[in-house]
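J.: 3D model of this:
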Amino acid sequence: MERTTLRRRAFAAGTATVALGALALAGLTGVASAGSAGPAAPPVSADSLSPGLLAAMERDLGLDAEAARARIANEYRAAAVATGLEKSLGASFAGARVSGDEAALTVATTDASQTDRITDAGARAEVVGHSLDRLEGVKETLDKAALRKAPKDVPVWYVDVEANRVVVNAASDSAARVFLKEAGVGRDLVTVVRSAEQPRALADIRGGDAYYMNPSGRCSVGFSVKRGTQNGFVTAGHCGRAGTTTNGVNQQAQGTFQGSTFPGRDYAWVATNANWVAKPLVNGYGRGDVTVTGSTPSVVGASVCRSGSTTGWHCGTIQQLNTSVTYPEGTISGVTRTSVCAEPGDSGGSYISGSQAQGVTSGGSGNCRTGGTTYFQPLLPALQAYGLTLVTSGTPTDPPTTPPTDPPTDPPGGTWAAGTTYATGATVTYGGATYRCLQGHTAQPGWTPPVVPALWQRV
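T.: Prediction:
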């Protein structure tokens, strides 16, 4: 499988130049402070979750709506318990994870005398040989080595809290051996796993809406944020550099990248102009938008869903936290590894567990036809890096401002239709002219062929 940036390029002046977009948030209200996960999430009410999110969890996780709500509620409680135990166990804490449809919490420790403390908190206790601090110290050593020189044929490494080991995925044992030797890390705490995975960055203001980087491409909004009174959004760092200007999904002027980090990390933020209002929403792609209420990070094993303009809603589980992954552009550390699929155009988009914002789509391997592995950049480090606050349903809203110009109304006639998935090379008629599809995508209202030259070429 190819490990490249999933940054699809648009055709400008005959040259491919645009990255396909993932999720966009047209705005979020309510704020979670940078640097703090905030209080434990409230219980999940029967009508607080998006029908689209519940439908995707049923499709991808085999859970009906009742089971999905119960699982999310259990995961919220597990995250709060795990956070408290991590503090109380101190140096003996060895990680936490949930398992099963009911999200049963397991907390590991290196000190057998602490098992009663864990069980009293309502979790299953597990005694292991290595603390999380020790394993993450090994991984940090690997990260530093990768910053000096990106490893060849070693795409991913992470702390596996269930195995109580550092796992290095490599194309061959020899490639792993070279990487470990250059890092000065022995094999006593490391498990090498043969892997053909080839992750790449997935390039392309309600989360999930597309935006265009002028003049080079298209990506997706992750979550609406504020910096003081300035509205904006977070997205993937590989989508643009500081100074890059953007247009929104309606092709109207939108904003400018204020900061961007890639590689090393994969986050950026865009400050938008006064015509764009931040709201706490993630695009539900016809199934109802999801309202963002907070940013409590979920634990290993928890369910997580992603919205992207290429593939819509897809769900899976969190496999590992604090993972490092090597793309052709360099190594990214601190991302979360998931079983959620993604495809080119989904980059920058929203990852959300229930109503809790988790992060923005970074990259991955595979696709949504055969399955794959995808990585997201956690949200809180991005908020901390740029002094941002997440807009949630609890954030006081700004006075109304002029909204972005609505997309043009599609006239009758022609074969182009919103909601249709078009493959590269497909032809449609619109307004009496014929157009050829330049990039595979699902058409959205307003993305008519004449106004989206990144996607359609008149023939």
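
J.: And the contacts of the longest helix along the chain?
T.: Counting residues, the longest helix found in the chain (DSSP state H) is helix 65-89. Helix 65-89 is contacted from outside by 37, 40-44, 46, 49, 53-54, 57-58, 61, 63, 93, 96, 98, 101-105, 107, 109, 111, 114, 117-118, 121-123, 296-299, 302-303, 353-354, 356, using CB atoms under 8 Å, 6 or more residues apart in numbering. All C-beta atoms are positioned from the backbone trio N, CA, C, and that covers glycine.

J.: Which among these count as buried?
T.: 37, 41, 44, 49, 53-54, 57, 61, 63, 93, 96, 98, 103, 105, 107, 109, 114, 117-118, 121, 123, 296-299, 302-303, 353-354, 356 (16 or more other CB atoms under 10 Å).

J.: Can you tell me which of these end up in helices?
T.: 53-54, 57, 61, 117-118.

J.: mind putting those in a markdown table, distance to residue 127 and pLDDT included?
T.: Output for these, formatted as a markdown table (distance: CB to CB, whole Å; pLDDT from 0 to 100):
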| residue | distance to residue 127 | pLDDT |
| --- | --- | --- |
| 53 | 37 | 85 |
| 54 | 37 | 87 |
| 57 | 33 | 91 |
| 61 | 30 | 92 |
| 117 | 12 | 96 |
| 118 | 10 | 97 |
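
J.: just the helices in the protein please.
T.: Under DSSP H, the chain gives helices at 51-61, 65-89, 115-120, 132-148, 173-183, 379-386.

J.: burial of the closest residue to residue 172 other than its chain neighbours, as a residue count?
T.: Spatial nearest neighbour of residue 172, chain neighbours left out: residue 153 (6.4 Å); criterion: CB to CB, 6 or more residues apart in numbering. Applying the criterion other CB atoms under 10 Å, we find 17 residues in the vicinity of residue 153.

J.: same thing with residue 87?
T.: 9.

J.: so how far is residue 116 from it?
T.: For residue 87, the distance to residue 116 equals 17 Å [CB to CB, to the nearest Å].

J.: same deal with residue 422?
T.: 60 Å.

J.: re earlier: so can I have CSV of the ones in helices among the buried ones among the contacts of helix 65-89 showing distance to residue 241?
T.: Shown next, in CSV, are these (distance: CB to CB, whole Å):
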residue, distance to residue 241
53, 33
54, 38
57, 36
61, 37
117, 48
118, 46
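
J.: Tell me the one of the residues you listed nearest residue 427?
T.: residue 53 (34.7 Å; CB to CB).

J.: from memory residue 365 sits against residue 371, does it?
T.: No - between residue 365 and residue 371 there is no contact under CB atoms under 8 Å: 9.9 Å.

J.: Those two: which has the busier surroundings?
T.: Neighbours per residue, other CB under 10 Å: of residue 365 and residue 371, the larger number sits with residue 365, 25 against 12.

J.: For that one, report the pLDDT, please.
T.: Turning to residue 365, the model gives it a pLDDT of 93.

J.: Show me what it bridges to in the sheet.
T.: Beta-bridge partners of residue 365, counted by DSSP bridges, are residue 373.

J.: For residue 166, see how far away residue 200 is.
T.: From residue 200 to residue 166 the distance is 23 Å (CB to CB).

J.: Quick check, residue 293 in contact with residue 390.
T.: No - using CB under 8 Å, residue 293 is not in contact with residue 390, being 10.0 Å away.
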